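> let me see the structure of the following:
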Amino acid sequence: LQWLIVAAGYISIGFVIWGGIKYMKSQGEPGELAAAKNVILEACIGLGIVLAATALVQFVLTRIV
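All right, here's what the predicted structure looks like:
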C-alpha cells in the first residue's frame, strides 16, 4: 500500500507539471488555459482522494486491530 501512495504522489506531481507546461504553452487562448487549469485541479483532487482514502484505511485498521 505504501508504494502505491508514493506512486500516486509522483503521478500527481507529474500531472501538475504537465498542466503547468500546457498553461505556459497556451499563450492566452481561453480554451487551452481552461484545459491546463483542469489538469492541475484534477491532479490535486486525485491526490487528495488518495490521501483521504489512505487516512481512512489507517483509521479503520487501528480501530479493528
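> C-alpha only now, for contacts and for neighbours.
OK.
> OK, contacts around L33?
K22, Y23, S26 (Cα atoms under 8 Å, 6 or more residues apart in numbering).
> can you pull the phi and psi angles for it?
phi -60, psi -40 (degrees, to the nearest 10).
> ok, the one 3 residues further on next?
According to degrees, to the nearest 10, the main-chain angles of A36 amount to phi -70, psi -40.
> which SSE is the closest residue to N38 other than its chain neighbours in?
Among residues not flanking N38 along the chain, G19 sits closest, at 8.0 Å (Cα to Cα, 6 or more residues apart in numbering). For G19, the enclosing helix or strand under DSSP states H and E is helix 2-25.
> which strands and helices sit next to that helix?
helix 30-64 (3 or more Cα pairs under 8 Å, 6 or more residues apart in numbering; DSSP states H and E).
> return the set of buried residues in the helix it packs on.
Using 16 or more other Cα atoms under 10 Å as the burial criterion, the residues of helix 30-64 that qualify are E32, L33, A36, K37, V39, I40, E42, A43, C44, G46, L47, V50.
> and E42, how far from R63?
31 Å (Cα to Cα, to the nearest Å).
> let me have the contacts of L33 in TSV, extended by distance to V6.
Shown next, in TSV, are the contacts of L33 (distance: Cα to Cα, whole Å):
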residue	distance to V6
K22	24
Y23	26
S26	30
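> restricted to buried residues, select these in PyMOL.
The PyMOL command for the buried members of the contacts of L33 (criterion: 16+ other Cα under 10 Å) is given here:
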select buried, resi 22+23+26
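> any chance of the contacts of L33 in a markdown table, with pLDDT too?
Output for the contacts of L33, formatted as a markdown table (pLDDT from 0 to 100):
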| residue | pLDDT |
| --- | --- |
| K22 | 95 |
| Y23 | 94 |
| S26 | 92 |
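> show me the contacts for the residue nearest the centre of the chain.
For the chain, the residue nearest the mean C-alpha position is A43 (2.8 Å; Cα atoms, centre = their mean). Counting by Cα under 8 Å, 6+ apart, A43 makes contact with S12, I13, F15, V16.
> burial count for the last one?
The local packing of V16 (other Cα atoms under 10 Å) involves 21 other residues.
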